[in-house]
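[1] predicted structure and sequence below. I'll ask about it afterward.
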Amino acid sequence: MGALLNLVDAILFIFFLLIAAAAPLIDAQTCLPLTFFPQILIDIKQWYIRQYGDYLVSEKPHFFVGIVTHELVFQWPLAILNIFAILTSKSWFNTTCLMYGASVVTSMAAVLADLFGSGKASDELIMVYFPFMGLGVLAILRGLLANPAKTTTLNIGKRSALGRKKKA
């Protein structure tokens, strides 16, 4: 089980690195003024729109702008925390990973529903977004699994030292 968790952590680590870089540099162009970004980043985003026909990014429907804003405010900091947690083996990684995964799956459900329901999305565009749903599910599953090396035994029936009264 330890080797599987290490593999999942490695996959998620790469995903979190991608998000840590792409969210503020590329995705933020959806909801912030373009004057905040260098021309090369704007050109990269325009190339992406032309290459994949991403109508969500080009048309900026309100729900999509809201999802991207949510990504920047909530998911991006969690991705950075998860990178730190993986590198330093923090015990709270499962919690932040679960939070991140649940948020991504929720966002991707709305995006994929629009892609499938609108009839505007090409198969290529769906294949750009669909892996994020899978990685969100992977993050949820990782958040639900305890690392066997870090599990602790329950102290049922024992009181903490703070709750004890000193005898005089």
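    It's in. Numbers count the residues shown, from 1 in each chain.
[2] so where's the chain uncertain?
    Low-confidence segments of the chain (pLDDT under 70): 147-168.
[3] all the helices of it, residue numbers only.
    Counting by DSSP state H, one finds helices in the chain at the ranges 2-25, 39-52, 55-59, 62-70, 76-88, 93-118, 123-144.
[4] kindly present the ones you listed as TSV, with separate columns for distance to Leu32 and mean neighbour count.
    Glycine gets a C-beta too; all of them are placed from N, C-alpha and C. Output for the helices of the chain, formatted as TSV (distance: least, CB to CB, whole Å; neighbours: other CB atoms under 10 Å):
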stretch	distance to Leu32	mean neighbour count
helix 2-25	9	15
helix 39-52	11	13
helix 55-59	14	16
helix 62-70	9	16
helix 76-88	13	18
helix 93-118	18	18
helix 123-144	21	16
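[5] need the contact list for the nearest residue to Asn82 once chain neighbours are set aside.
    In space, and not counting its chain neighbours, Asn82 is closest to Phe16: 4.9 Å by CB to CB, 6 or more residues apart in numbering. By CB atoms under 8 Å, 6 or more residues apart in numbering, Phe16 lies in contact with Ala79, Ile80, Asn82, Ile83, Ile86.
[6] surely the first one is in contact with Ala23?
    Yes. Counting by CB atoms under 8 Å, Ala23 is a contact partner of Ala79 at 7.3 Å.
[7] quick check, central residue of the chain?
    For the chain, Tyr100 is the residue whose C-alpha lies nearest the centre (CA atoms, centre = their mean; 4.7 Å).
[8] so what's that one up against?
    Contacts of Tyr100 (CB under 8 Å, 6+ apart): Gln75, Leu78, Ala79, Asn82, Gly136, Ala139, Gly143.
[9] how close does the last one get to Ile11?
    Gly143 is 14 Å from Ile11, where distance means CB to CB, to the nearest Å.
[10] same check on Phe36?
    Distance from Phe36 to Ile11, counting by CB to CB: 31 Å.
[11] could you do Leu145 as well?
    The gap separating Leu145 from Ile11 is 14 Å, by CB to CB.
[12] do Glu59 as well
    Glu59 is 32 Å from Ile11, by CB to CB.
[13] then Ser89?
    Ser89 is 17 Å from Ile11, by CB to CB.
[14] do the same with Leu72
    Between Leu72 and Ile11 the computed distance is 23 Å (CB to CB).
[15] what do you get for Trp92?
    Taking CB to CB, one finds Trp92 at 20 Å from Ile11.
[16] Leu112 too?
    Relative to Ile11, and taking CB to CB, Leu112 is found at 20 Å.
[17] what do you get for Ser122?
    Relative to Ile11, and taking CB to CB, Ser122 is found at 26 Å.
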